[in-house]
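Peer 1: Sequence first, predicted coordinates after that:
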Amino acid sequence: MRLIGLTGGIASGKSTVSRHLESEGLPVVDADKVARVALDKNTWGWKRVVAAFGEGILRQDGEVDRAKLGEIIFNDPAKRGMLNRALQPCISLGLLYEVFKHWIRGTSVVIMDIPLLFEMKMNYLTNPVVVVWVDRTTQEARLTKRDNSTIEQARARIDSQLPLDMKREMADYVIDNSGTLEDTKMHVDKLKAIITGPQTWKEIALSRFGVAAIVAVAVAFVLRLR
Ligand SMILES: CC(C)(COP(=O)(O)OP(=O)(O)OC[C@H]1O[C@@H](n2cnc3c(N)ncnc32)[C@H](O)[C@@H]1O)[C@@H](O)C(=O)NCCC(=O)NCCS
Ligand SMILES: Nc1ncnc2c1ncn2[C@@H]1O[C@H](COP(=O)(O)OP(=O)(O)OP(=O)(O)O)[C@@H](O)[C@H]1O
């Protein structure tokens, strides 16, 4: 099974690209969705986050107040590190479970849409790594519009991640999403041809290593956290 890494910056257009690939019949594992499930009330992730941040982070119904937690972690690197340490093991396991379900079904290509692919060092498990890039001005404008947020809030979120230009440098393949949706669709069609095309022996070896390494990482996490 081939694991394709899809990443970028916040609001750079990962979901837009994912949706297009999905409409072309390619399965997508969405790390933001996995992260939401990992934070559901009374789950392992919820317990770890409540233990780290206290019950003040909860709404009256016991669910995590996402807006409140976001306001905290996107403005404080130490707290962000705390959340990452609490939740990322659960997200990694959730991602493993999604990959496992595809593996059982015999799926040949899976797109892993992971905003923090480089930050979580999961780029080593995917090949190629595709970065969806936009220029900073466009990114800020799209983020404030989509989230109905202030420019300060948007900048705090953008600056919580590795610089997008640095991710671009580390990419195997870049989709420039600064233009129109039609331009991006054309880029994505080219990408689809590459990722569904024939693989070299090196790529085959790497994709097998990727799946094996995901299993190993998950097992290591579980053993360490018991
Ligand atoms: C802090 C939370 C509750 C805020 O929720 P909210 O609904 O406002 O944002 P949402 O989950 O839709 O995330 C939007 C984007 O923020 C960025 N982001 C999320 N978490 C982080 C983080 N820890 N560091 C940097 N960027 C992040 C991602 O680009 C993501 O796509 C939420 O983002 C969260 O639980 N984050 C921790 C989990 C995580 O690391 N998610 C990234 C998936 S790999
Ligand atoms: N080429 C484009 N032209 C105009 N608007 C776009 C384009 N691509 C994406 N957008 C818009 O920009 C916003 C951000 O895009 P999208 O949600 O796909 O980003 P993302 O990288 O998945 O964000 P996140 O990191 O928050 O999950 C959305 O409102 C989307 O509709």
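Peer 2: That came through, no problem. All values reported here derive from a predicted model rather than from experimental measurement. Residues are numbered from 1 along each chain as shown. Ligands and ions are numbered 1, 2, ... in the order given.
Peer 1: Spell out whether the top strand by length along the chain and ligand 2 are in contact.
Peer 2: For the chain, the strand that runs over the most residues, judged by DSSP state E, is strand 2-8. Yes - under the criterion of Cβ under 6 Å from any ligand atom, ligand 2 is reached by strand 2-8 at residue 8. Where you see a C-beta, it was placed from the backbone N, CA and C, and this is true even at glycine.
Peer 1: tell me which residues of whichever helix or strand comes after that strand are tucked away?
Peer 2: Next along the chain after strand 2-8, taking DSSP states H and E as the criterion, comes helix 14-23. Under the neighbour-count criterion of 16 or more other Cβ atoms under 10 Å, helix 14-23 has 14, 15, 16, 17, 18, 20, 21 buried.
Peer 1: cool, stretch 124-138 as well?
Peer 2: 125, 126, 127, 128, 129, 130, 131, 132, 133, 134, 138.
Peer 1: Output it as PDB, nothing but the C-alphas.
Peer 2: C-alpha atoms of stretch 124-138 as PDB (Å, rounded to 0.1, in the frame of the first residue of the first chain):
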ATOM      1  CA  TYR A 124       9.300   9.700   6.900                       C
ATOM      2  CA  LEU A 125       6.400   7.300   6.600                       C
ATOM      3  CA  THR A 126       4.900   8.700   3.400                       C
ATOM      4  CA  ASN A 127       6.200   9.000  -0.100                       C
ATOM      5  CA  PRO A 128       5.900  11.300  -1.900                       C
ATOM      6  CA  VAL A 129       5.300  14.200   0.500                       C
ATOM      7  CA  VAL A 130       3.000  16.800  -1.200                       C
ATOM      8  CA  VAL A 131       2.900  20.300   0.100                       C
ATOM      9  CA  VAL A 132       0.000  22.600  -0.700                       C
ATOM     10  CA  TRP A 133       1.500  26.100  -0.700                       C
ATOM     11  CA  VAL A 134       0.100  29.600  -0.900                       C
ATOM     12  CA  ASP A 135       1.800  33.000  -0.400                       C
ATOM     13  CA  ARG A 136       1.400  34.500   3.000                       C
ATOM     14  CA  THR A 137      -0.900  37.300   2.100                       C
ATOM     15  CA  THR A 138      -3.400  35.000   0.400                       C
END
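Peer 1: Hmm, residue 139 is touching residue 163, no?
Peer 2: No - contact criterion Cβ atoms under 8 Å: residue 139 and residue 163 do not qualify, at 11.1 Å.
Peer 1: what helix or strand is the residue of the chain most remote from its centre on?
Peer 2: The C-alpha centroid of the chain is most remote from residue 60, which lies 29.0 Å away (Cα atoms, centre = their mean). Assigned by DSSP H and E, residue 60 belongs to no helix or strand.
Peer 1: And the pLDDT for it?
Peer 2: Residue 60 is assigned a predicted lDDT (pLDDT) of 96.
Peer 1: Would you mind stating the distance between it and residue 41?
Peer 2: Counting by Cβ to Cβ, to the nearest Å, the gap from residue 60 to residue 41 is 12 Å.
Peer 1: got it, and residue 97?
Peer 2: From residue 97 to residue 41 the distance is 19 Å (Cβ to Cβ).
Peer 1: Equivalent analysis for residue 22, please.
Peer 2: Between residue 22 and residue 41 the computed distance is 28 Å (Cβ to Cβ).
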